[in-house]
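Asks: This is a predicted model, with the sequence first.
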Amino acid sequence: MRGKFIAFEGCEGCGKSTQMRLLGEVLQERGIPHIVTREPGGGEISEEIRKIILNGKFTQMSDECEALLYAAARAQHLRDTIEPALARGDLVLCDRYIFSSYAYQGYGRGLSLDFLEKINEFAARRYMPDLTLFLNLAPANAFMRKHGADENDRMEQAGAQFHGRVYEGYLQLLRKYPNYIEAVDCRGNKYQTSQNIVRLLTERGLIR
Ligand code: TYD
């Protein structure tokens, strides 16, 4: 049987990687075959594209170039990593996916959502996750958890206003795509958040 596909979304430092690790441990204990992957990246070619996109030196990169590079990395990641895992029947946990492009390049950079939908439909061939989990933590709190922005990361350097727009964008996407995205309550500690995630996935029939 084809596997299920779950994407994780949220602002910088919202604890996505920790939550993905904790969920991986639960899946391991339950004997559920899975892979953990990320965007941009998750494969040899996509990881190379990632280095270009995030390189802190490339301050002159145009918004259009940025959006197309994320979509290009996504097209290759799907082919190299996600599709084969789903075909094997694995559960795929993906750190960021299409909604990152809508939140960051759309609401953050100000590119049109129409344009982003077009290039992402082309790149992802309408391949949507069975569920996208949005870790609902505002960027001020998120950056504090992570001790500030990384100067080598072009996206983290984009400034507080940009990250504020990204967060507001996610809130709008939640309203726009209620069948695709579910918000996770992150106000408790990391173990409580992890329990919230396991509960949501169980309720949706995505894990046993
Ligand atoms: P990463 O270091 O993985 O950030 P995080 O740990 O917060 O996930 O870098 C990914 C960066 O790329 C992050 O700033 C979000 C951004 N991004 C986009 O702007 N658009 C996209 O489509 C994707 C997948 C990521």
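Replies: Received the coordinates, thanks. Numbers count the residues shown, from 1 in each chain.
Asks: For this protein, which residues are neighbours of the ligand?
Replies: Within reach of the ligand by Cβ under 6 Å from any ligand atom, the chain has these residues: 12, 16, 38-40, 54, 70, 95-96, 100-101, 104-105, 153, 155. Glycine gets a C-beta too; all of them are placed from N, C-alpha and C.
Asks: Setting aside sequence neighbours, what's the nearest residue to the residue nearest the centre of the chain?
Replies: The residue lying closest to the centre of the chain (Cα atoms, centre = their mean) is R96, at 1.2 Å. Excluding its sequence neighbours, the residue lying closest to R96 (Cβ to Cβ, 6 or more residues apart in numbering) is E39, at 4.4 Å.
Asks: pretty sure the one you found is touching A73, no?
Replies: Yes. The pair E39 / A73 is scored as a contact, 6.5 Å apart, by Cβ atoms under 8 Å.
Asks: Between those two, which contacts overlap?
Replies: Shared contacts of E39 and A73, defined by Cβ atoms under 8 Å, 6 or more residues apart in numbering, are found at S46.
Asks: For the chain, name the helix or strand with the lowest mean pLDDT.
Replies: None of the helices or strands of the chain scores lower by mean pLDDT, DSSP states H and E than helix 139-146, at a mean of 72.
Asks: So which of E39 and A73 has more stuff around it?
Replies: A73 (24 against 21; other Cβ atoms under 10 Å).
Asks: What's the first helix or strand after whichever strand or helix holds the more buried one?
Replies: Using DSSP states H and E, A73 falls within helix 63-77. Using DSSP H and E, the helix or strand that follows helix 63-77 towards the C-terminus is helix 83-88.
Asks: Pairing partners for the following helix or strand past that following helix, with directions?
Replies: Next helix or strand after helix 83-88 toward the C-terminus (DSSP H and E): strand 91-95. When pairs are called by DSSP bridges, strand 91-95 turns out to pair with strand 5-10 (parallel), strand 34-38 (parallel).
Asks: got the contact list for the helix or strand following strand 91-95?
Replies: Counting by DSSP H and E, the element after strand 91-95 in chain order, helix or strand, is helix 98-100. Contact with helix 98-100 is made by 7, 9, 39, 70, 74, 120, 124, 128, 132, 134, 170, 173, 177, 180-181, as judged by Cβ under 8 Å, 6+ apart.
Asks: Try it again at 7 Å.
Replies: Contact with helix 98-100 is made by E9, E39, N120, A124, T132, L173, I181, as judged by Cβ atoms under 7 Å, 6 or more residues apart in numbering.
Asks: can you map out the helices along the protein?
Replies: Secondary structure of the chain by DSSP state H: the helices cover 16-29, 44-54, 63-77, 83-88, 98-100, 113-124, 139-146, 160-176, 190-203.
Asks: Quick check: which helices or strands does the first one pack against?
Replies: When contacts are defined as 3 or more Cβ pairs under 7 Å, 6 or more residues apart in numbering; DSSP states H and E, helix 16-29 packs onto strand 5-10, strand 34-38, strand 91-95, helix 190-203.
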